[in-house]
Every structure is written in structure tokens, then in C-alpha cells.
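[1] mind looking at a prediction? Sequence and model below.
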Amino acid sequence: MNPNRTTRSLGALAAALVLVLAGLRANGICAAAATQPTTKPVVAIFPLAGSGTAANRTAIGFSMRQKLARDGMYNPIDGYTMSDIASAATSPVTYDTPLATVKDLASDSNPSIIIWGNLDASGRSIGMLRLRIADLRTSDPLPRAVQQTIAQETDTRFVVENILQTIPGVTPFEHPSETAVIHDAESDKLWASNPNLIPDGDFTASSPWQVMLETQLYAPPILTQSPPVDHVGIVRHAAAGGVLRNVLVMNLSRTTAENNGLACLSGRIPIQPNTRYRMQFSYQSDGPVTHVFVKGYIAPPNPRPGEVPEQEVYRRQVPPGESTGGKWVTVVDDMNPQNPNSKVEFLRVDLYAYLKPGLISFDDIQVRAVGSQTHTVHDDALRPLPTTQPAGR
């Protein structure tokens with residue numbers, strides 16, 4: 001055999017192989033071989049303990065796993081596997097279970113983050129959710145305590161999202177939007193001519209508004225300076241354009257921001273059926289994220305003595321707003337309040353801030369009718385009317 005010929009043949013074969021591989025890569029066939037898959041950090045979410053119903057405890061755990069999986073940053077262990085892991089414990093895993101115990105139970109799965117805790121029944125609400133979150137990747141993995149009240153069914157997804165967004169790398173969750181703001185000539189004309197329906201959108205008094213933090217309910221007081229930490233007040237402030245106005249100021253600590261957040265609910269806004277409404281507000285934030293909702297209610301004809309229960313049958317989520325760096329930002333949003341099983345009788349605006357500590361101010365809250373509804377919404381804002389629904393937020 002001629003060694004030179006053999007060398008030339010092998011060289012030709014290698015060159016041909018390079019050309020074939022190049023062609024395969026160009027067509028995406030060798031992408032998997034070219035790029036090694038990145039392993040996602042594992043999250044172990046133990047089945048919730050507590051006096052809340054088994055259905056609610058299971059639903060919250062499922063929701064956390066689904067949202068983490070959809071976000072794509074982490075790999076949550078499935079519920080069946082976590083039930084098996086928890087069953088190996090000598091006593092039920094609860095909020096008070098030490099980190100060392102849950103870490104040992106889940107060790108075979110090598111989790112980066114462990115979540116465990118309780119859902120405890122609380123009055124007429126879904127319950128008090130108390131969690132411990134331990135990030136084992138940090139030098140100090142001591143669990144962080146998180147506590148939020150889930151007042152009613154429609155609060156569940158937002159509470160879960162608020163908690164998960166405090167985990168490093170989890171991005172803000174997105175929801176279907178009813179409709180973009182439609183600035184046609186007719187709606188803009190109606191916006192300019194129709195009255196502002198919200199009671200006291202300029203915060204001239206405190207009584208139409210109600211602050212909510214866990215079990216605390218109070219009208220925001222009129223103050224001469226920013227409210228104390230974890231309180232809300234109405235303060236004379238330089239608003240948009242530098243004009244001195246009364247604005248609603250929230251002062252959030254890190255604990256409150258990462259747990260319940262602060263909320264302030266408006267008075268009732270009567271509405272008409274088959275009507276589109278537009279909301280506008282301005283805000284300024286040096287840290288907290290704003291998450292404003294517009295909630296729709298019916299008032300049952302036979303309330304209990306001494307109370308006026310309200311059944312929430314509609315919810316519109318305004319896209320969240322980040323810190324503004326000291327500037328005033330105006331947000332405009334359209335909505336089509338409706339429920340397939342009930343006439344929405346009135347709305348309330350829920351000014352809500354969470355996630356990061358600091359001061360956030362709200363000003364010039366407006367809700368006006370702007371014409372006929374544009375379409376029927378098919379998202380979580382619409383749901384069948386329950387046979388029973390707790391009052392409140």
C-alpha cells in the first residue's frame with residue numbers, strides 16, 4: 001500500500017466529514033451536540049400543612065410549581081414525588097420544621113431552594129399562608145419567613161406570584177390583557193367630557209379610602225410628612241408638574257414588601273352594563289412595585305346584620321410598574337367590566353404596592369366611561385359566580 005495515498009485518502013475523508021457536519025449544523029441538526037443543556041436549579045416545595053382545607057393546600061402547592069415551571073428559571077420537583085419525600089419524615093413537615101430536617105429529606109434530589117410551611121384557616125378567608133424559603137446556594141441559607149393572607153379565591157394567584165418573585169431570577173409574571181387603550185376620537189371625546197366616577201381621586205379627604213395590611217383596616221390619615229414605616233397617609237406633596245397636591249403615600253418595609261404588601265381600596269364606583277371604562281393614575285416610587293387592580297362586585301340583597309358583604313366577580317390587573325427614579329409616571333388602562341353569570345354593579349380601585357421597600361405615592365386617580373365595550377374578555381378576570389364568597393378584598 002502506498003502510504004502517501006492512504007494519507008491523502010484519510011485527509012479527503014476528514015474534509016468531507018467537516019463539510020457534512022457543517023451542513024448539518026447549518027440545518028440545526030447538530031445543535032444539541034454543539035450546545036450542552038444547562039441544568040436548572042431544583043426547587044423542592046413540600047406539601048403544605050395547617051388547618052386550611054386539603055383542596056386549598058394542594059391548589060397552592062400546584063400553583064407554585066406550575067408558575068415556576070412556566071417561568072423557566074427553575075425546575076420544581078413534581079407534587080407526587082414531594083409527597084413521597086414528605087412521607088419519609090417521622091412527623092409531618094410544618095412551618096416549624098427545622099431547615100436541617102427538610103434538607104435531609106430532600107437531599108437525594110439535590111435542591112437549590114426548599115419551600116415548606118402552613119396554610120391555616122382564618123375566619124372567612126382562604127387562610128393565612130406562612131412559608132419558609134431556604135436558598136441553599138447562599139453562604140447563609142437560613143430560611144426566610146413569608147406570610148400572606150389569602151382573602152378569597154381570586155387572590156390566590158397574585159399571592160403566589162408575589163412570593164415567588166422574591167426568589168432570585170424569577171421574572172414578573174404576565175397575564176392576558178383585556179385590550180390596549182383605544183384612543184379613537186369618540187373615546188377620547190368621552191374621556192374629556194364624562195365625569196370622574198371615583199370618589200375623591202384627588203385625596204382631599206381620607207374617608208372614601210381604606211388601607212389594608214393583614215387584619216388592619218383604617219382610613220389613611222392626613223399628615224404633614226411621610227407616614228411611618230408600614231403605614232399609609234395623605235400628604236401635601238409636589239406632584240406631577242411640581243404642583244402641590246394631596247397624594248397618597250405608602251411606606252413599605254422590606255418585610256411587608258416581600259409578604260403582604262400595602263393596599264388602599266377606593267370607595268364604590270357605580271357602573272353601567274356593556275360600557276367600557278378607562279382608568280388613569282399617576283405614581284412616583286423610589287423602590288416599591290405598583291400593582292393596581294380594578295375589582296368588580298355585586299352586593300347580595302340579604303346581607304347579614306351589621307355588614308354589607310360584597311362578592312367580587314371581576315378583576316382587572318393593570319400591568320405592574322417599577323421604580324420611577326423620583327419622576328411622576330402616568331398610567332392609562334382600558335377595561336370592559338363583565339362576568340358571564342352576573343351583572344357587575346360597581347367597581348373599586350385597589351392601589352397595591354409590594355416586592356421592594358421604600359416610598360410610593362399615588363395621585364389623580366380617575367375612572368371614566370369611554371363608550372361601548374370592545375369585546376368579551378376570556379381570561380382569569382372572568383369566572384363563574386360562586387355560591388358563597390367571603391366579603392372584603
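    Everything's here; your move.
[2] pull the longest strand from the protein.
    In the chain, ranked by residue count with DSSP state E as the criterion, the top strand is strand 358-372.
[3] in stretch 100-120, what counts as buried?
    Buried residues in stretch 100-120, counted by 16 or more other C-beta atoms under 10 Å: 102-103, 105-106, 111-120. No exception for glycine: its C-beta is placed from N, CA and C like everyone else's.
[4] which strand residues bridge residue 284?
    For residue 284, the beta-bridge partners under DSSP bridges are residue 361.
[5] how close does residue 250 get to residue 244?
    Counting by C-beta to C-beta, to the nearest Å, the gap from residue 250 to residue 244 is 19 Å.
[6] looking at the two, which has the bigger crowd around it?
    Higher neighbour count among residue 250 and residue 244: residue 250, with 32 against 9, using other C-beta atoms under 10 Å.
[7] what's the more buried one sitting at in phi/psi?
    phi -110, psi 140 (degrees, to the nearest 10).
[8] identify the residues contacting it.
    Residue 250 sits next to 227, 232, 262, 264, 288, 351, 353, 359-362 when contact means C-beta atoms under 8 Å, 6 or more residues apart in numbering.
[9] where does the residue nearest the centre of the chain land in three-state SS?
    Centroid check for the chain by C-alpha atoms, centre = their mean gives residue 158 as the closest residue, at 3.8 Å. Here residue 158 takes the helix state, with states given by DSSP: H, G, I helix; E, B strand; the rest coil.
[10] so what's it scoring on pLDDT?
    pLDDT recorded at residue 158 is 78.
[11] rewinding a little: which pair in the buried residues of stretch 100-120 spans the largest distance?
    Farthest pair in those (C-beta to C-beta) is 112 and 120. Separation: 27.5 Å.
[12] the stretch 201-350 of the chain: helices as residue ranges?
    All helices of the stretch 201-350 of the chain, identified by DSSP state H, counting those that start in this stretch, fall at 254-258.
[13] the stretch 1-150 of the chain too?
    3-26, 31-34, 54-71, 79-87, 99-105.
[14] ok, of these, where does mean pLDDT dip lowest?
    When the helices of the stretch 1-150 of the chain are ranked by mean pLDDT, helix 31-34 comes last with a mean of 40.
[15] any weak-confidence spans in the stretch 51-200 of the chain?
    Along the stretch 51-200 of the chain, the model assigns pLDDT under 70 to residues 123-124, 154, 174-180.
[16] now with 90, please.
    Within the stretch 51-200 of the chain, the stretches with pLDDT under 90 are 55-56, 59, 63, 66-67, 69-72, 121-128, 138-142, 146-163, 165-184.
[17] likewise for the stretch 201-350 of the chain?
    Using pLDDT under 90, the stretch 201-350 of the chain drops low at 205-207, 213-216, 236-245, 255-261, 291, 298-322, 325-326, 338-343.
[18] buried residues of the longest strand of the chain, list them for me.
    Buried residues in strand 358-372, counted by 16+ other C-beta under 10 Å: 358-371.
[19] likewise for stretch 206-218?
    Of the residues in stretch 206-218, those buried (16+ other C-beta under 10 Å) are 206, 208-213.
[20] still on that earlier bit, now for the residue nearest to the centre of the chain: which residues touch it?
    291, 317.
[21] at 7 Å what do you get?
    Contacts for residue 158 (C-beta atoms under 7 Å, 6 or more residues apart in numbering) come out as none.
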